[in-house]
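A.B. asks: Quick one, fold the following:
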Amino acid sequence: MRIKEEKAAVRAEISAFRIRPEERATASVAVHDRLSARAEWVSAGTVLLYAPLPDELNVLLLMSGGKRCCFPRYQVDRGYSAAWVKSPEALMPGTFGIAEPPVDAVQIPACEVDFVIVPGLAFGMDCHRLGRGRGFYDRWLTELAGQKIGVGFDHQLIERVPREAHDVQLDGVVTPSCWVEVN
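C.D. replies: Numbering: from 1, shown residues only. The predicted structure is shown next:
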C-alpha cells in the first residue's frame, strides 16, 4: 500500500473513535497534569498551544502559570505564524474553522518559542505524527525552536504512523496515561 493510502486508512480508523465530553475533560486534565509537572514545561517562558477542535484534547487548560501563550495564525502563503494572546476569549474564528489570534495580535518570532504543543490525529511510538493531511504544520515545525511535544488521547498513540520524508519527528508524545520520548 502506498504511503498516502496508509495515511488515509489510519486517519479513517482514528477518526472513527468517539470521545464523550466527560472523557475529553478527564483526559485533558490528565495531560495538563503530566505536562505541567515536566521541567521543560516549567522552565519555558513562551509556549505555543493550539485552539482545540471538538475531537482534540483541551490544551487551553495550560494557559495558566504565567507563560506567554501563542497560537498558530494561518498566513496567506499557506503557512503559520505564532501570535500571542492573553486569554482564550481573544481567539477568533479563522481559516478552516479553527480559532486563531486576531490579525492585530503580536506576532512572536519562531526562535522565541520555548515549548510547542502539537496536535495530531495519530502519533507513533517513535514520536512521528499524522496530521490532517495538508502538511502545513510539518513545514512550520521545522522553523520553531522549542521542544515539540505531541498531545493526544490514548487511542491516538499507535505503534507506527506512515510517514514521508517531509514528516517531522517530535521530541515526545504525551497522552493521559503515558509519556513517550525520542531515544
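
A.B. asks: for the helix or strand hosting residue 14, packing partners?
C.D. replies: Assigned by DSSP states H and E, residue 14 belongs to helix 3-15. In this structure, helix 3-15 makes packing contacts with strand 122-124, strand 129-130, judged by 3 or more CB pairs under 8 Å, 6 or more residues apart in numbering; DSSP states H and E. To be clear about C-beta, it is placed using only N, CA and C from the backbone, and glycine gets the same treatment.

A.B. asks: for the shortest one, packing partners?
C.D. replies: In terms of contacts (3+ CB pairs under 8 Å, 6+ apart), strand 129-130 is packed against helix 3-15, strand 122-124.

A.B. asks: Switch these over to a markdown table; also include distance to residue 174.
C.D. replies: Formatted as a markdown table, these follow (distance: least, CB to CB, whole Å):
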| stretch | distance to residue 174 |
| --- | --- |
| helix 3-15 | 17 |
| strand 122-124 | 9 |
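
A.B. asks: wait, which of the ones you listed is closest to residue 36?
C.D. replies: With CB to CB, the closest approach to residue 36 among the helices and strands packed on strand 129-130 belongs to strand 122-124: 19.7 Å.

A.B. asks: Contacts for that closest one, please.
C.D. replies: Contact with strand 122-124 is made by 10-11, 14, 129-130, 150, 152, 156-161, 163, 170, 173, 180, as judged by CB atoms under 8 Å, 6 or more residues apart in numbering.
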